[in-house]
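Peer 1: Compute the structure for the input listed below.
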Amino acid sequence: MHDSLFTPVRLGAIEARNRIAMAPMTRGRSDPSGMPNALMAEYYAQRSGAGLIITEATSISAQGHGWPNAPGIWHDDHAEGWKQVTEAVHQRGSKIVLQLWHMGRIVSSAMLGGQPPLSASATQAPGDAWTYNGKQRHDVARPMTKDEIATTIADYAAAGRRALAAGFDGVQLHGANGYLIDQFLRDGTNQREDEYGGSVQNRCRLLREVLEALVAECGAARVSVRYSPNDGIQGCADSDPDTLFAEAARVAQALELGFVELRDPGPDGTFGRSEGVKRSPLVRSIYTGPLMLNADYDAARAEADILAGRCEAVSIGRSYITNPDLAERIRAGAPLAPNADMANSWYTKGAEGYTDFPALADSREGVD
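Peer 2: So this is what the prediction gives:
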C-alpha cells in the first residue's frame, strides 16, 4: 500500500530508499556528559526502516546544552560514541543525519553553573526549563556579544566536522521550535540594534552564517535545515512570519542546501498552530530543492501531499516511538500501536519506553 511513499528519493547527497523519514525527537537516553551509548544505537537501528533518520537534537557546545541527558557533539569522544549509532543504522540500509542544536534562552542557569543562558536579546521564555533537579522557571537571557556569536558559529562548524567523522550522511541545523537560531529569527525575541537585529535580512544573518560554516565543512548537499513557521513555540513569535520565512527560504535556496524540513501543521497540529496557516506553499515557491514536511502525518495524508507535489518526503515523529517498524507497517497496511504517554516514557532513562516496543512481527509471535 501507499506505493508513492516507497519510491527512492534524493535529498541532496543522500539517496533514501523511501520517502518516510524519522523526525528528530529528544529522548534523553545519553548521560550528563552528552555521550551516546549502545542503547541509543539499538533504538535507532530498530527504526531503520525509515529511508532517512534525523537524530534527536544534539548539542554543539556545553553552553548550549540544556536538556538532561541529551546527546552532544562538542568533543571528539562524542563523535566516537556516535559511530556505534551510524554503523548500526547503515548496516540496516538506512541513512542518518545529525541534528545540530543550541538551545539559547531555553537552557536553565542550573545547567550552566548559575550563569544566565545566551540569546539574541535579554528575553525570558515562558514556563519552565527541564533540569536534573526537576523543572525550574526560565531565566532572563543575556544578549550574545559579537565574540560569542563568532564562537558559536565555530562550534557549529566543528560539530559538522565531527558528525561526518562519526559516519553521519549529513547534518541538519535546528532552526526551529524556539531555540537559539529561531530566537534570532523572530522579532519577538530579537531586539538587537546591530547587524544581527532589525530587518529580516539582519535577523537571518546568524542562520546564514551558521549554514555557510556548515556548508564549508560538510558540503551543501549534506547540509539541511529545519524551520517551524508556525508561530509562538516556547514563546518565540514574529509579527510578520510570511516575510521572515520567505527570507529564510531564500537563504536555503542561495546556499543550495540538500533539503529543507518544515514543521508545518494544520489547525489541529501540535507545537503551535499559527491559526491554521500553512506556510509550506510560500517556502516551496522560493526554495526549489527537496522539501520534507512534518505535519502530524498519517500515511494517507503523507501520500496525498507527495502525489500532489507539495513535498518530496515526509517526516514522522511520535508514531515512531511506539512503532519501531513504522515504515514496514505502512507498507503492509498494518495497524499502528498508539502513541506513548510523554510524561511516562519519552524522557525516562533506560530501555523501558524506548527500545521495548515490539515490531509487528514480534507482537504476532505465537498467534495462530
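Peer 1: Please count neighbours and contacts with C-alpha atoms only from this point.
Peer 2: OK.
Peer 1: list the helices and strands the host helix or strand of L206 packs on?
Peer 2: If you go by DSSP states H and E, L206 is part of helix 205-218. Packing contacts for helix 205-218, counted by 3 or more C-alpha pairs under 8 Å, 6 or more residues apart in numbering; DSSP states H and E, involve helix 146-165, helix 180-185, strand 223-227, helix 241-255.
Peer 1: Need the ones you listed in TSV (columns: mean pLDDT).
Peer 2: TSV is the format used below for the helices and strands packed on helix 205-218 (pLDDT from 0 to 100):
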stretch	mean pLDDT
helix 146-165	98
helix 180-185	98
strand 223-227	98
helix 241-255	98
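Peer 1: So for G134, which of these sits nearest?
Peer 2: helix 180-185 (22.2 Å; C-alpha to C-alpha).
Peer 1: just checking, next helix/strand downstream of the helix or strand where E42 lies?
Peer 2: If you go by DSSP H and E, E42 is part of helix 38-46. As assigned by DSSP H and E, the chain's next helix or strand after helix 38-46 is strand 52-54.
Peer 1: Which of the helices and strands packed on helix 205-218 sits closest to A300?
Peer 2: strand 223-227 (23.3 Å).
Peer 1: which sections of the stretch 1-150 of the chain are below the confidence cut-off?
Peer 2: Low-confidence segments of the stretch 1-150 of the chain (pLDDT under 70): 1.
Peer 1: residue ranges of the strands in it, please?
Peer 2: Using DSSP state E, counting those that start in this stretch, the strands found in the stretch 1-150 of the chain span residues 9-11, 14-16, 20-22, 52-54, 58-59, 95-101, 118-119, 128-131, 134-137, 142-143.
Peer 1: can you list those strands in CSV and add distance to L257 and mean neighbour count?
Peer 2: Below are the strands of the stretch 1-150 of the chain laid out as CSV (distance: least, C-alpha to C-alpha, whole Å; neighbours: other C-alpha atoms under 10 Å):
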stretch, distance to L257, mean neighbour count
strand 9-11, 9, 20
strand 14-16, 12, 19
strand 20-22, 17, 29
strand 52-54, 16, 26
strand 58-59, 20, 26
strand 95-101, 14, 26
strand 118-119, 25, 28
strand 128-131, 32, 18
strand 134-137, 37, 12
strand 142-143, 29, 20
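Peer 1: and G333, which of the ones you listed is closest to it?
Peer 2: strand 20-22 (14.7 Å).
Peer 1: ok, the closest one: who's next to it in the sheet?
Peer 2: strand 52-54 (parallel), strand 313-316 (parallel) (DSSP bridges).
Peer 1: is it possible to export those strands to JSON lines including distance to A295?
Peer 2: JSON lines is the format used below for the strands paired with strand 20-22 (distance: least, C-alpha to C-alpha, whole Å):
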{"stretch": "strand 52-54", "distance to A295": "15"}
{"stretch": "strand 313-316", "distance to A295": "8"}
